[in-house]
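K.L.:
Have a look at this fold, sequence not included:
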């Protein structure tokens, strides 16, 4: 039996300890950065939305419509991206789980495109969906590191109806855009189904009470169909990514 002690980075007890937390956080920055660079990922369009929405058999029929709308919009975006110059093409990116995340990865896969999933380890409801490109399937422990990668390459964000997680992700992005903490301050933020969002968040009332500025209501855009979302988004991506000599 060897008396040679384990090197610190090979010691699982140390790596999983409280003292090594910063090492684990760094791993969730460095490993995705390395893999994304190797896969030549520079631009993404990110889909947010509920993990609890299924392609069929939802309590509310509108939930099924949300799933297939996300699938179709992701398909259209991925098909369009394949026609763009290689230095400005983009990948559909999601939180990697079921529901709307699955729908968007599924749509991109239907277009024959590689698609990203930033999964998070949770005790229930979250597991990687089958439509993520295997080499672009990531697993995070820390929510804040996962959010960093959502935004790092993002050129647009699309929020479909969802619960606490979706609201958390949406409002963090809106706050960063409002406070100009995002370098890409023109990044489009789209919300699907105005009726749903009006029932969940009274944005106009926030402005009336002076809790946000009236101009903050222009930080996001509602859309009602995949066709409308694609038309709005593609025009802005052409401008945002400085795509020249190209018409949508």
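P.N.:
Structure's in. What do you need? As the structure is a computational prediction, the values presented were derived from the model and not from experiment.
K.L.:
Sketch out the helices for this protein, chain order is fine.
P.N.:
Across the chain, reading from the start of the chain, the helices by DSSP state H fall at 12-15, 21-38, 61-81, 100-110, 143-152, 164-178, 194-200, 203-208, 226-240.
K.L.:
Please name the bridge partners of the residue most central in space within the chain.
P.N.:
Taking Cα atoms, centre = their mean as the criterion, residue 46 is the residue nearest the geometric centre of the chain, at 3.2 Å. When assigned by DSSP bridges, residue 46 has beta-bridge partners residue 93, residue 157.
K.L.:
Then residue 138?
P.N.:
For residue 138, the residues forming beta bridges with it (DSSP bridges) are residue 118.
K.L.:
what about it, how many neighbours?
P.N.:
When counting by other Cβ atoms under 10 Å, one arrives at 22 neighbours for residue 138. Using the backbone N, CA and C atoms, a C-beta is placed for each residue, glycine as well.
K.L.:
so what's it up against?
P.N.:
Shown here is residue 138, whose contacts under the criterion Cβ atoms under 8 Å, 6 or more residues apart in numbering are 32, 35, 96, 116, 117, 118, 119, 149.
K.L.:
how close does it get to residue 29?
P.N.:
Look at residue 138 and residue 29: by Cβ to Cβ, to the nearest Å, they are 12 Å apart.
K.L.:
Ok, residue 118 next?
P.N.:
Applying Cβ to Cβ to residue 118 and residue 29 gives a distance of 13 Å.
K.L.:
what does the worst-scoring helix or strand of the chain on mean pLDDT contact?
P.N.:
Least confident element among the helices and strands of the chain, by mean pLDDT, DSSP states H and E: helix 12-15 (a mean of 91). Counting by Cβ under 8 Å, 6+ apart, helix 12-15 makes contact with 8, 9, 20, 23, 24, all of which sit outside it.
K.L.:
Ok, stretch 182-202 next?
P.N.:
The set of residues external to stretch 182-202 that reach it, using Cβ under 8 Å, 6+ apart, is 49, 62, 66, 69-70, 151, 154-161, 167, 170, 173-174, 176-177, 203, 219-224, 229, 232-233, 236-237, 239-240.
K.L.:
okay, how far is it across it, tip to tip?
P.N.:
End-to-end distance for stretch 182-202: 24 Å, by Cα to Cα, to the nearest Å.
K.L.:
start the count at 26, not 1, going forward
P.N.:
Understood, numbering begins at 26; the last thing we discussed is stretch 207-227.
K.L.:
Can you pull out the low-pLDDT segments for this protein?
P.N.:
The chain contains residues with pLDDT under 70 at 26-27, 150, 268-273.
K.L.:
could the contacts of helix 37-40 go into TSV alongside distance to residue 112 and neighbour count?
P.N.:
Written out in TSV, the entries for the contacts of helix 37-40 read as follows (distance: Cβ to Cβ, whole Å; neighbours: other Cβ atoms under 10 Å):
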residue	distance to residue 112	neighbour count
33	41	10
34	36	9
45	38	17
48	34	13
49	34	14
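K.L.:
Which members of these are the farthest-apart pair?
P.N.:
Taking every pair in the contacts of helix 37-40 and measuring Cβ to Cβ, the maximum separation is 13.2 Å, between 33 and 49.
K.L.:
I'd guessed residue 259 sits against residue 105; true?
P.N.:
Yes: judged on Cβ atoms under 8 Å, residue 259 makes contact with residue 105 at a distance of 6.1 Å.
K.L.:
How far does stretch 55-68 sit from its chain's centre?
P.N.:
Shown here is stretch 55-68, whose average C-alpha point lies 16 Å from the average C-alpha point of the whole chain (Cα atoms, centre = their mean, to the nearest Å).
K.L.:
Identify each buried residue in it, please.
P.N.:
Within stretch 55-68, the residues that qualify as buried by neighbour count (16 or more other Cβ atoms under 10 Å) are 57, 61, 66, 67, 68.
K.L.:
Kind regards, and thank you for your time.
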